[in-house]
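Participant: task: produce atomic coordinates for the following.
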Amino acid sequence: MLKSSLRPVAFVLQAILIGMVVAWVLDVPSQLGIGLYTEQFLIACVGFALGLVFMTFDRHGEKVGGDTSARIPLHDLAAGAAGLAACLYIAIRYPSLVNELVYRPWDGVAVATVIVLLILEATRRTAGTALTIVILVLCVYALVGWMLPGTFSARPVALSRLMVYLGIDSNALLGAPLQVAAIVIVPFVLMGQILTRAGGGDFFTDLSMALMGRYRGGSAKIAVVGSAFFGMVSGSAVANVASVGTITIPLMKRSGFPATVAGAIEAVGSTGGQLMPPVMGAAAFLMAEYLQVSYATVMAAAALPAVLYYAALFFQVDFEAARRGILGAPVAGLPRVGAVLRAGWFFPIPFVVLVVGLVSLNWQAEYAALTSAGVLLVLAMTVGYKGKRLSFGGAVEAVVGTGTTVLDIIIVCAAAGLVIGVLNLTGVAFGLTLQLLAVSGNSLPVLLLVTAAVAIVLGMGMPTVGVYVILATLAAPALVKAGIAPMQAHMFVMYFGMMSMVTPPVALAAFAAANIAGASFWTTGWTAARIGWCAYLVPFLFALSPSLLAMGGDATAITLSFVTALIGIYLGSAAVVGFMRRPLSALMRLACAIFGLMLLIPVDMFAEAGLVNVVGAIGAAALWGMETMRGKKKAVVEV
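Facilitator: Numbering: from 1, shown residues only. Below you'll find the predicted structure:
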């Protein structure tokens, strides 16, 4: 073993990786008159990522790159060097090699095999064993699938052909997922790194405390708002828990929330960051690529469901606090909104630049993110938060450190490319689409239920990106064939891939939150699933009606569907918690659930949906009136 005194080497690899991405987004090669294939850039990114992964993650998947006392085994260094060398070999020889691959030259086969094997190991270290096993099973299927009967039969594929196709072809490793990761996602992560280093996390936490701290259950509401703010940038549920949860979970426990509830609230709030515009998670960028629409279109479709998601969480937090008698923090000990905004007035500016660039100026997502990151960097170094400006050294560390932060994203998207490559090569995707339709009996509700269950099962230990890529390839076409619009189908599978982060038995976000809270993982996971009930239901609604995705062109239907859904979520949350203005009886909880469900139905879902909404609204008004009268009677009796 060698002592980890290779940090300068890792620093250089990170700097080159981020420098390549920035140069590519700014079109520097073309401006210098250098003609490069996109595949050359992508395979070079994979090479530097592989070199860094084997220096950063040990064989157990634990990060060791930042530990100066850690020792890196010689075989890990050799693997990283082999991955870097193999990828650079392909990058240099690609213009001529691409025309020779049909003949499967020995060097192409050998180098492609090395790359595929190292990506599998890197995937195991960064994303766990689930995705790795899925890829291995698909590879075995590609080799023996021709012997299977009927629909499950695959085209015969030789091992050399499989390796060359997976490792070098632009329909596999060098395909859309890797392109989105390297070109689009990295600039957004860079923006988030600069924001965090400049004090953006403290700013959003202080702002959340100033806005929500004084109200009942204020500590939990701080967690909700802070997770939504931070999630807009991070897009990673576990990273969000690790960043925000270390502050909010102890705060919730001190105010009176049980440890399991505190962990569950943070886990659900952090998971929602993957669907919260303007940044969202990596799957959203892939969705834009799959659907061939702008990222702004995906943001617009995700906006209303994201608001409903956080509204449900906010209502439940409020009801839980009222039920447990948890009050807000003393106003004297909280930051003032005005003071927080004066100190960090510049933090919203990059987001304004991002949204204006995406929506009004029609910039590419990566260019808008890079521009926003540049604006933020200048403001952080010249203005600073609370009198602390970002130093030049801090700026360099933030930019170069992004090279480590994006490793798991690049590797997972590379692995997703392998999945797509096997499915394309074998032709099994079409057969599985037919099988899904057959299993569901051509019933759309059954097909949606099957797809949701598959998404949650696949998500057990697998990143949302991996789940989304598999389902976007296998399940989404079946949903589209059954009559659902592509945006609705892809948003549906992304939602359930995301909810696997808080759905037991794995529930990675809930597990991270439970560790911080010192609570039972199992109990925290099921509590998170209960608190996140809205996200299990709303996807079925927008899959059957486009109005909740702000689609369809009828502004009246969109507005009515959103307003009634918001009221329905209020009643549903009351039913789940068992509290509205006062504790609810079993009968009242049932009534809240029924009327809430009636209001959740979009007005354009079917012909009588408007009438169902009216009945639900009347029932909701009656319930509210009854609870108000009960409260007044109680007050009179107490007086």
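
Participant: and the average pLDDT for stretch 8-15 is what?
Facilitator: For stretch 8-15, mean pLDDT rounds to 93.

Participant: now do that stretch: distance to the chain's middle.
Facilitator: From the chain centre to the centre of stretch 8-15 is a distance of 27 Å (C-alpha atoms, centre = their mean, to the nearest Å).

Participant: return that stretch as PDB; C-alpha atoms alone will do.
Facilitator: Listed next in PDB are the C-alpha coordinates belonging to stretch 8-15 (Å, rounded to 0.1, in the frame of the first residue of the first chain):
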ATOM      1  CA  PRO A   8      -1.500  16.800  -5.600                       C
ATOM      2  CA  VAL A   9      -2.100  14.100  -8.300                       C
ATOM      3  CA  ALA A  10      -5.800  14.000  -7.400                       C
ATOM      4  CA  PHE A  11      -5.900  17.800  -7.400                       C
ATOM      5  CA  VAL A  12      -4.500  17.900 -10.900                       C
ATOM      6  CA  LEU A  13      -6.900  15.200 -12.200                       C
ATOM      7  CA  GLN A  14      -9.900  17.100 -10.700                       C
ATOM      8  CA  ALA A  15      -8.700  20.400 -12.200                       C
END
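
Participant: mind listing what's buried along that stretch?
Facilitator: 10-11, 13-15 (16 or more other C-beta atoms under 10 Å). The way it works is simple: take the backbone N, C-alpha and C, and place the C-beta from them, glycine included.

Participant: likewise for stretch 192-211?
Facilitator: Buried, per 16+ other C-beta under 10 Å, within stretch 192-211: 192-211.

Participant: cool, and stretch 512-529?
Facilitator: 512-517, 519, 521, 523-529.

Participant: so which residues of the stretch 1-150 of the chain form helices?
Facilitator: 7-25, 28-31, 38-56, 74-97, 106-127, 129-144 (DSSP state H, counting those that start in this stretch).

Participant: contacts for the last one?
Facilitator: Helix 129-144 is contacted by residues 120, 123-124, 154, 157, 159, 162, 166, 412, 415, 418-419, 422-423, 425-426, 428, 458, 460-463, 466, 470 when judged by C-beta atoms under 8 Å, 6 or more residues apart in numbering.

Participant: any stretches of this structure with poor pLDDT?
Facilitator: 1-5, 65-70, 151, 231-236, 430, 459-461, 553, 631-639 (pLDDT under 70).

Participant: same thing but 50
Facilitator: Within the chain, the stretches with pLDDT under 50 are 1-2, 66-68, 635-639.

Participant: on that earlier part again, closest to Met499 among the buried residues of stretch 8-15?
Facilitator: Checking the buried residues of stretch 8-15 against Met499 with C-beta to C-beta, the nearest one is Gln14 at 32.8 Å.

Participant: quick one, what contacts the closest one?
Facilitator: Counting by C-beta under 8 Å, 6+ apart, the residues that Gln14 touches are 52, 400-404.

Participant: again with Arg214
Facilitator: If you count contacts by C-beta under 8 Å, 6+ apart, Arg214 has them with 328-329, 331, 334.

Participant: make JSON lines out of the residues you listed and add secondary structure.
Facilitator: JSON lines is the format used below for the contacts of Arg214 (DSSP: H, G, I helix; E, B strand; the rest coil):
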{"residue": "Gly328", "secondary structure": "coil"}
{"residue": "Ala329", "secondary structure": "coil"}
{"residue": "Val331", "secondary structure": "helix"}
{"residue": "Leu334", "secondary structure": "coil"}
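
Participant: out of those, which comes closest to Gly384?
Facilitator: Of the contacts of Arg214, the one sitting nearest to Gly384 (C-beta to C-beta) turns out to be Leu334, at 22.7 Å.

Participant: got the phi/psi numbers for the closest one?
Facilitator: Main-chain torsions, Leu334, degrees, to the nearest 10: phi -100, psi 150.

Participant: repeat for Pro583
Facilitator: phi -60, psi 140.

Participant: wait, what's in contact with it?
Facilitator: Arg323.

Participant: tell me what it is bridged to.
Facilitator: Phe579 (DSSP bridges).

Participant: was I right to think Tyr165 contacts Leu174?
Facilitator: No: Tyr165 lies out of contact with Leu174 (C-beta atoms under 8 Å); the separation is 10.7 Å.

Participant: what about those two, which has more around it?
Facilitator: Leu174 (27 against 23; other C-beta atoms under 10 Å).

Participant: confirm that the more buried one sits in a helix.
Facilitator: No: counting by three-state DSSP, Leu174 is not found in a helix; it is coil.

Participant: quick one: it from Gly269, how far?
Facilitator: Counting by C-beta to C-beta, to the nearest Å, the gap from Leu174 to Gly269 is 36 Å.

Participant: also Val184?
Facilitator: 25 Å.

Participant: these two - which one has more neighbours?
Facilitator: Neighbours per residue (other C-beta under 10 Å) separate Val184 from Gly269, with Gly269 holding more: 37 against 23.

Participant: that one: what's its closest spatial neighbour, skipping adjacent residues?
Facilitator: Ser227 (3.3 Å; C-beta to C-beta, 6 or more residues apart in numbering).

Participant: isn't that neighbour right next to Glu266, touching?
Facilitator: Yes: at 6.6 Å, Ser227 and Glu266 qualify as touching, with contact defined as C-beta under 8 Å.

Participant: joint contacts of those two?
Facilitator: Common neighbours of Ser227 and Glu266 (C-beta under 8 Å, 6+ apart) are 244, 248.

Participant: so which of the contacts of Gln14 comes closest to Pro445?
Facilitator: Of these, the one sitting nearest to Pro445 (C-beta to C-beta) turns out to be Thr402, at 43.5 Å.

Participant: now the closest one: which helix or strand?
Facilitator: Using DSSP states H and E, Thr402 sits within helix 392-405.
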